[in-house]
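Undergrad: return a 3D structure for these sequence lines:
(one chain, ligands or ions: 3)
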Amino acid sequence: MKAIVYRGPKNVAVEEVPDATIQAPTDAVIRITTTNICGSDLHMYEGRTSVEEGKVLGHENMGVVEAVGDGVDRIKVGDRVSVPFNIACGSCRNCTEGWTSFCLRANPTEGMDGAAYGYANMGPYDGGQAEYLRVPWADFNLLHLPEGSEHENDFTMLSDIFPTGWHGVELSGFQVGDRVAVFGGGPVGLMAAHSAMIRGASEVFVVDKETDRLALAEKYGATPIDFSAGDPVEQLMQATGGRGVDRGVEAVGYQAHDSDGEEHPELVLDNLVQVVRATGGIGVVGVYMPEDPGAGSDLAKEGRIPWQFGTFFTKGQSMGTGQAPVKRYNRQLRDLIIDGKANPGWITSHELGLDQAVEGYQHFDDRDKGWTKVLLHPGS
Ligand SMILES: NC(=O)c1ccc[n+]([C@@H]2O[C@H](COP(=O)([O-])OP(=O)(O)OC[C@H]3O[C@@H](n4cnc5c(N)ncnc54)[C@H](O)[C@@H]3O)[C@@H](O)[C@H]2O)c1
Ligand SMILES: [Zn+2]
Ligand SMILES: [Zn+2]
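TA: Ligands and ions are numbered 1, 2, ... in the order given. The predicted structure follows:
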């Protein structure tokens, strides 16, 4: 089968790889109809992870069940399904408590809880930027979707970024009527903004410097803040009459940079601590790493980020972090889509075949104007 394979920094290739097969009785194999490129893939693409060459990429997957193992009885061949990016066993302590993003059994990597498809340190699993994908513990992991092809571009956001944006808002301690500042106007930040609006925020700000992304955020109801036009904290303070916001969402990650493009991994955390009111909350879904050998400073290479913890403490703020447990939210978010109350597909900018994935990676990585979210359709 054809798949997108990591070949080194800034180098992915469309290659023939062995077919995805049933390897355990609880597996299913999915024929991929849509698989997205994620900002998380770009950390690998830019050579800023330890991902091995030859890895098949892709953790944002949906499709139709092609085959199931003997131990699968809820999921049937022909079912249309969304595949959460987390691979979870369903029976360990973290899974049974709803923390599928920290499954204790799916990832054999020493010191890492939680597994995913096609991702650095997240276990030996191939990704779904391919014609087919093997899904472990299929009965537990897969989410049924209505038959056919309706809402394809909305449902494809259920595997990761819509639940992740929702989780960022949840981790911030959001309550109805809150004012929210989302840092990062990429797909995850836009989904956090969409989630906050659905949940009844009084005002949502989106901070970025990419004018096309800010325009999109504004079009869908958020107030854009361009950090290249001046200090985003000052702009947000001014926009809120000096009060700041109740909640902040970090949707940027460890490659946060200033308007000249220079990386400062503490920058967004500092901005959030300053702009969130005392006793407010911060949800961090942008990825930070235990080690980052490619970082600019010795501290950051060791995964140490000197942010304003003293101000954070003094203001009595709270913070939640980590990979999103997609399964905790995807059923409800699917039903909001079906009822017309959520339409996350609005962020889609490009739909490409697998053969065009190389250019998709290049343009998305360069944050070229208009390249907001790239969907790949292997069958097209
Ligand atoms: N926790 C999870 O489960 C989870 C899931 C998916 C993605 N992620 C992570 O979320 C982050 C965002 O993902 P994405 O797909 O939206 O990526 P993206 O790279 O497309 O978007 C990041 C955006 O942040 C902006 N940015 C950079 N520096 C900034 C700053 N100082 N202030 C404000 N904005 C700034 C960039 O211009 C860009 O538009 C990544 O770190 C990704 O790995 C986490
Ligand atoms: Zn993703
Ligand atoms: Zn588990």
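Undergrad: show me what from the stretch 101-250 of the chain comes close to ligand 2.
TA: Asp160 (Cβ under 5 Å from the ion). C-beta: built from backbone N, CA, C; applies to glycine.
Undergrad: identify the residue nearest the residue in the stretch 101-250 of the chain that ligand 1 sits nearest to in space, chain neighbours excluded?
TA: In the stretch 101-250 of the chain, the residue found nearest to ligand 1 is Gly186; the distance is 2.1 Å by Cβ to the nearest ligand atom. Nearest in space to Gly186, with sequence neighbours left out and distances taken as Cβ to Cβ, 6 or more residues apart in numbering, is Gly39 at 5.1 Å.
Undergrad: tally of neighbours for the closest residue to ligand 2 within the stretch 1-150 of the chain?
TA: Of all residues in the stretch 1-150 of the chain, Cys38 sits closest to ligand 2, at 2.8 Å by Cβ to the ion. Residues lying near Cys38 (other Cβ atoms under 10 Å) number 26.
Undergrad: mind listing what it touches?
TA: 59-60, 160-161, 187 (Cβ atoms under 8 Å, 6 or more residues apart in numbering).
Undergrad: repeat the analysis, applying 6 Å as the threshold.
TA: For Cys38, the contact set (Cβ atoms under 6 Å, 6 or more residues apart in numbering) comprises Glu60.
Undergrad: measure it to Met191 for me?
TA: 11 Å (Cβ to Cβ, to the nearest Å).
Undergrad: any weak-confidence spans in the protein?
TA: In the predicted model, the chain carries no residue with pLDDT under 70.
Undergrad: quick check, central residue of it?
TA: In the chain, the centroid-proximal residue (Cα atoms, centre = their mean) is Ile161; its distance is 4.1 Å.
Undergrad: is that one in contact with Val188, as I believe?
TA: Yes. Counting by Cβ atoms under 6 Å, Val188 is a contact partner of Ile161 at 5.2 Å.
Undergrad: all strands of the stretch 1-150 of the chain, in order?
TA: Listed from the start of the chain, the stretch 1-150 of the chain has strands (DSSP state E, counting those that start in this stretch) covering 2-6, 12-16, 28-36, 60-68, 80-83, 86-87, 115-116, 132-135, 143-144.
Undergrad: pick the most buried one from those strands.
TA: Mean neighbours per residue, mean count of other Cβ atoms under 10 Å, is largest over the strands of the stretch 1-150 of the chain for strand 86-87, with a mean of 27.
Undergrad: sheet partners, orientation included, of it?
TA: strand 115-116 (antiparallel) (DSSP bridges).
Undergrad: so what's Leu145 up against?
TA: Neighbours of Leu145 in contact, by Cβ under 6 Å, 6+ apart: 80, 82, 155.
Undergrad: who touches the helix or strand hosting Leu299?
TA: Assigned by DSSP states H and E, Leu299 belongs to helix 298-301. When contacts are defined by Cβ under 6 Å, 6+ apart, helix 298-301 is touched by residues 265, 292-293, 295.
Undergrad: if anything else comes up later, I'll come back, but that's it for now.
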